[in-house]
Each structure stands twice: as structure tokens, then as C-alpha cells.
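>>> any chance you could fold what I've pasted below:
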Amino acid sequence: MSDAFIHPTAEVESTARIGRNSKIWNYAQICKGSQVGENVIIGRNVYIGTDVQIGPNCKIQNNALLYEPSILEEGVFVGPAVILTNDSYPRAVNSDGTQKGSTDWNVVGVRVRKGASIGAGSVCIAPLEIGEWALIAAGSTVTKDVPNFALVAGVPAKRIGWVGKQGLPLVSQDGGKFTCPKSGNSYLQLDDDTLIEAN
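Numbering: from 1, shown residues only. Coordinates of the predicted model:
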């Protein structure tokens, strides 16, 4: 935990690993076995579950809940009050009325690929994967895998466009080509409704 800032009110388990230059703010809870990469910002009241993996340069905003076994790759943005779930069929008790324990259900996770962003108040229903550089609009409920560069919104979330690495909606050109209005970079939509960077 050298060179990391941990607010005095944050709870960080001794087996959690915190990367250099990371910042963990007020009342955040980092559970056992979690791995937080370098230069990560974890906001107020954030919950990071057991063995959750967070890559370098991620930003996790206030009140986000990342339940195990979530995996965030490099440079992921998680907006305020985002929830990454881990139980497809949640119950408090078994059919016989006994309280469920850790071995009474199948833990599933959300994987967020490099550079992707999840807008404020969104809920991601595991199991699913959010592709590289994808953008989830605020308030969305994500129930299916999200392709690379996809812009999705709604309840349930559906693709409404494409975004580039700058995060801006891409401008459609002829022949399935798209252009970033800021960088000018080009992208190509393939027949299987995926998007790739054009060389």
C-alpha cells in the first residue's frame, strides 16, 4: 500500500492489495483479497467485494457497489451509485426456510473491459461482459453482453449507437464507416454488428 492515500474512515482488509498512487476516500470498504491497481480513485461509500480485481487508472465514483467476482480492466470509469450484481436468482433463504450461506448459491460476475464507462445509477446484471470502450448511459439496466465501442441505454439497455475512444457518439459515413467528431479517427461496422478501428 506504499504511496497510496487511504482516508482514515475507509475500511481496507489486510489482505487487499492497493496499488501505488491510488486514492481511497471516505467510508469506502475494500474486502479481503481484492486487488486495486495503480492510480485508481475509489470514491466515498464505495463497496469493493471479496477478490474483486480492479486494473490501473480506473475511477470508481461515490456509492458504487462492486460485488465479487467483478473484474475491471485498465482505465474503466464507474459512475456514482452503479451496481455490479453477482446473483442471477437472489434469495435470502433456501426452500426449507434456512438462511442462505456462501455455498448455497452460484456466484456470477461482471467483467468490464479496457476503457469502458458505466454511467451514474446503472445496474449491471451478472453474468455479463461490457466490451472495450463501450459506454453505458446513466440509469441503464444492462442484462446482456455489450460489444466493444457500443453506446447502450434504457431498461433493459439496448444499443443506440457507437462511441469512439474519446467517448463521443460516432458520426455515420457511407459503407458502414463511422468517424469520431473530435479525433477524426475512423471505425468500421462489420456484418455481425460489431465495430472495429479502421487502419
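
>>> give me the mean pLDDT for stretch 31-39.
Taken as a whole, stretch 31-39 has an average pLDDT of 98.

>>> ok, and what's touching that stretch?
Here stretch 31-39 makes contact (C-beta atoms under 8 Å, 6 or more residues apart in numbering) with 13-22, 24, 30, 42, 47-58, 68, 74. Every C-beta, even on glycine, is put in place using the N, C-alpha and C of the backbone.

>>> also stretch 162-177?
115, 117, 133-135, 149-151, 161, 178-183, 185-190, 195, 198.

>>> which among the contacts of stretch 31-39 end up buried?
For the contacts of stretch 31-39, a neighbour count by 16 or more other C-beta atoms under 10 Å gives the buried set as 16, 18-19, 21-22, 24, 30, 42, 47-58, 68, 74.

>>> restricted to strands, list the residues you listed.
Among the buried ones among the contacts of stretch 31-39, the members falling in strands are 18, 24, 30, 42, 47-48, 53-54 (criterion: DSSP state E).

>>> how about those residues in TSV, adding distance to Val82?
Listed next are those as TSV, based on distance: C-beta to C-beta, whole Å:
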residue	distance to Val82
Ile18	21
Ile24	17
Ile30	17
Ile42	13
Tyr47	11
Ile48	12
Gln53	16
Ile54	13
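
>>> what is the neighbour count of Lys100?
Using other C-beta atoms under 10 Å, Lys100 has 13 other residues around it.

>>> distance check, it against Val93.
Remark: distance between Lys100 and Val93 (C-beta to C-beta, to the nearest Å) = 6 Å.

>>> over to Trp105?
Using C-beta to C-beta, Trp105 is found at 11 Å from Val93.

>>> between the two, which one's more packed in?
Set side by side, Trp105 and Val93 show more neighbours around Trp105, with 15 against 10, by other C-beta under 10 Å.

>>> now do the contacts for the more buried one.
So Trp105 contacts 87, 89-91 (C-beta under 8 Å, 6+ apart).

>>> closest one to Val155 out of the residues you listed, please.
Pro90 (18.3 Å; C-beta to C-beta).

>>> would you enumerate the residues in contact with the closest one?
Trp105.
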